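K.L.:
This is a predicted model, with the sequence first.
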Amino acid sequence: MRTIYLDNNATTRVAPEVLEAMIPYFGDLYGNPSSAHSFGGQVGRKIGEAREKVAALIGADPGEILFTSCGTESDNAAVLSALSTQEGKRHVVTSRVEHPAIKGLGLHLSQKGYRVTEVPVNRDGILDMDFYEKSLTPDTAVVSLMWANNETGVLFPVEEAAEMAKQRGILFHTDAVQAGGKIPIDMKKKSAISMLSLSGHKLHAPKGIGVLYVRKGTRFSPLIIGGHQEKGRRGGTENSASIIGLGVACELALRRMEEENTRVKSMRDRLEAELLARIPKSKINGAPSNRLPNTTNISFESVEGEAILLMMDELGICASSGSACTSGSLQPSHVLRAMGVPFTMAHGSIRFSLSVYNTDEDVDFIVRELPPIIEKLRSMSPFWTPEVGVCATAAG
């Protein structure tokens with residue numbers, strides 16, 4: 001049985017070119033890149049080249065690129081640095097639909113006495129900009145808003161939001177983990193964004209490597225204190241192989257971005273259209289436009305998302321019922337709850353996230369196999385009324 005993988009917002013396969021570039025640094029080229037001798041120095045030079053490739057993906061200067069262990073570390077480092085360098089300010093602004101890396105940090109900070117404001121979204125997952133603007137106060141140290149939502153793919157107007165923060169002297173961070181490599185990003189043109197996070201395993205690099213962009217001139221307080229690595233901004237011996245692999249992945253992503261926004265988007269659109277046409281009482285969650293080209297989140301009324309996933313898994317189909325970092329919870333996704341998606345729809349939501357490695361045959365297979373799965377699960381549900389295709393109300 002072959003695997004049909006449409007869960008690329010959770011993680012991606014390591015590109016063959018990336019793996020090939022990494023292999024020598026697990027074997028013959030094992031030197032410490034910070035060593036003074038030439039054996040380690042050659043590794044250090046390759047890390048420098050990787051830094052340039054990462055910078056090119058987001059239109060940054062290589063000196064603004066800081067390597068971390070993952071997107072979560074990058075997010076935490078950005079927000080905690082802002083609070084440390086903006087002495088006396090105790091307010092953080094974020095949104096209700098952030099990734100747990102920011103949402104969980106916000107809860108932690110609120111328990112430590114900080115004031116955290118979560119900006120709401122509308123039914124399409126679009127940020128309430130009026131509420132956002134009113135949330136910015138003289139006490140606000142930092143704003144952290146995701147560029148693209150990991151569950152729905154909806155894009156936030158981060159450039160506009162960052163400019164509004166800058167005008168008030170507030171640092172602005174964006175979690176661009178899902179956006180990196182899928183949509184054009186040019187930090188030279190977006191001068192209001194202070195910090196930006198990326199994660200390697202979301203763009204066909206290995207797990208365990210992340211990036212924090214820190215705009216030149218932005219005061220920064222390190223999260224991990226130790227040696228002189230990363231110009232003193234993050235202690236710890238560099239993850240050489242993964243950094244080099246990430247550089248190749250960013251180079252590939254820049255080259256394939258047009259394909260992401262044409263062929264991949266076309267497959268995503270066809271998958272949506274076919275499933276909506278074949279399965280009654282199904283709907284797309286999130287704005288129909290202004291979203292990532294690879295992502296769709298579809299709700300099927302009166303069925304459990306976990307049951308859908310289990311039956312698809314038996315056929316080799318990999319998808320998600322929400323954020324991978326919250327899977328296992330019996331509660332509907334916090335993103336869908338924030339959007340006001342009805343309970344009977346939110347529980348039956350499935351996220352499909354494609355990549356350049358997917359094919360039309362993958363889409364054909366899902367379009368053929370998923371409708372019978374939904375039909376079977378609905379036939380087992382005491383709340384589904386097939387005559388009218390509605391969900392009956394449970395007693396009590």
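P.N.:
Noted; the coordinates are in hand.
K.L.:
In the stretch 101-250 of the chain, what residue spans correspond to helices?
P.N.:
129-135, 158-166, 240-259 (DSSP state H, counting those that start in this stretch).
K.L.:
Can you give the distance of the last one from its chain's centre?
P.N.:
Meaning helix 240-259. 16 Å (Cα atoms, centre = their mean, to the nearest Å).
K.L.:
Now do it: everything it contacts.
P.N.:
Applying Cβ atoms under 8 Å, 6 or more residues apart in numbering, the set of residues contacting helix 240-259 from outside is 14-15, 17-19, 21-23, 25-26, 33, 43, 46-47, 49-54, 56-57, 67, 180-184, 200, 203-206, 208-209, 211, 356. The C-beta positions use only the backbone N, C-alpha and C, and glycine is treated the same way.
K.L.:
Check the first one too.
P.N.:
Counting contacts by Cβ under 8 Å, 6+ apart, the residues outside helix 129-135 that touch it are 93, 117, 119-120, 157, 160-161, 164.
K.L.:
for it, which positions count as buried?
P.N.:
Residues of helix 129-135 classed as buried under the neighbour-count rule (16 or more other Cβ atoms under 10 Å) are 132, 135.
K.L.:
Quick one: low-confidence residue ranges for the stretch 51-200 of the chain.
P.N.:
Scanning the stretch 51-200 of the chain for pLDDT under 70 picks out 190.
K.L.:
quick one: the strands in the stretch 1-150 of the chain?
P.N.:
4-5, 65-68, 91-95, 115-119, 140-146 (DSSP state E, counting those that start in this stretch).
K.L.:
Tell me the pLDDT of Ser327.
P.N.:
Turning to Ser327, the model gives it a pLDDT of 48.
K.L.:
what sits against the residue nearest to Tyr213 when sequence neighbours are not counted?
P.N.:
Excluding the flanking residues, the one nearest Tyr213 by Cβ to Cβ, 6 or more residues apart in numbering is Leu196, at 4.1 Å. Counting by Cβ under 8 Å, 6+ apart, Leu196 touches 58, 147, 173-174, 176, 185, 187, 212-213.
K.L.:
Out of those residues, which comes closest to Ser289?
P.N.:
Among the contacts of Leu196, Trp147 lies closest to Ser289 (Cβ to Cβ), at 16.0 Å.
K.L.:
Could you give the number of residues near the closest one?
P.N.:
Counted with other Cβ atoms under 10 Å, the neighbours of Trp147 add up to 23.
K.L.:
and it, how far is that from Val93?
P.N.:
16 Å (Cβ to Cβ, to the nearest Å).
K.L.:
related to what we said a few turns ago, from the contacts of helix 240-259, list the buried ones, please.
P.N.:
Judged by 16+ other Cβ under 10 Å, buried ones among the contacts of helix 240-259: 14-15, 18-19, 21-22, 25, 33, 43, 46-47, 50-54, 57, 67, 180-183, 200, 203-206, 209, 211, 356.
K.L.:
Can you pull the phi and psi angles for Lys283?
P.N.:
Backbone torsions of Lys283, given as degrees, to the nearest 10, read phi -150, psi 150.
K.L.:
Hmm, it is touching Met345, no?
P.N.:
Yes - counting by Cβ atoms under 8 Å, Lys283 does reach Met345; the two are 6.7 Å apart.
K.L.:
between these two, who's got more neighbours?
P.N.:
Neighbours were counted for Lys283 and for Met345 using other Cβ under 10 Å; Met345 has more, 21 against 14.
K.L.:
Please report the distance of the spatially closest residue to that one that is not a sequence neighbour from Thr85.
P.N.:
Closest residue to Met345 apart from its sequence neighbours, by Cβ to Cβ, 6+ apart: Ser299 at 3.9 Å. Distance, Ser299 to Thr85, using Cβ to Cβ: 42 Å.
K.L.:
which of the two has more neighbours?
P.N.:
Legend: neighbour count by other Cβ under 10 Å for Ser299 and Thr85, higher for Ser299 (22 against 15).
K.L.:
Just the buried residues of stretch 368-383, please?
P.N.:
Across stretch 368-383, burial judged by 16+ other Cβ under 10 Å covers 369-371, 373-374, 377-378, 381.
K.L.:
Same question for stretch 219-233.
P.N.:
Buried, per 16+ other Cβ under 10 Å, within stretch 219-233: 220, 222-223, 229-230, 233.
K.L.:
Present those as TSV; the columns should include pLDDT and distance to Lys112.
P.N.:
TSV is the format used below for the buried residues of stretch 219-233 (pLDDT from 0 to 100; distance: Cβ to Cβ, whole Å):
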residue	pLDDT	distance to Lys112
Phe220	97	21
Pro222	96	19
Leu223	94	16
Gln229	93	28
Glu230	92	26
Arg233	95	23
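K.L.:
Tell me the one of those nearest Gly106?
P.N.:
Once Cβ to Cβ is applied, the member of the buried residues of stretch 219-233 that ends up nearest Gly106 is Leu223, at 16.3 Å.
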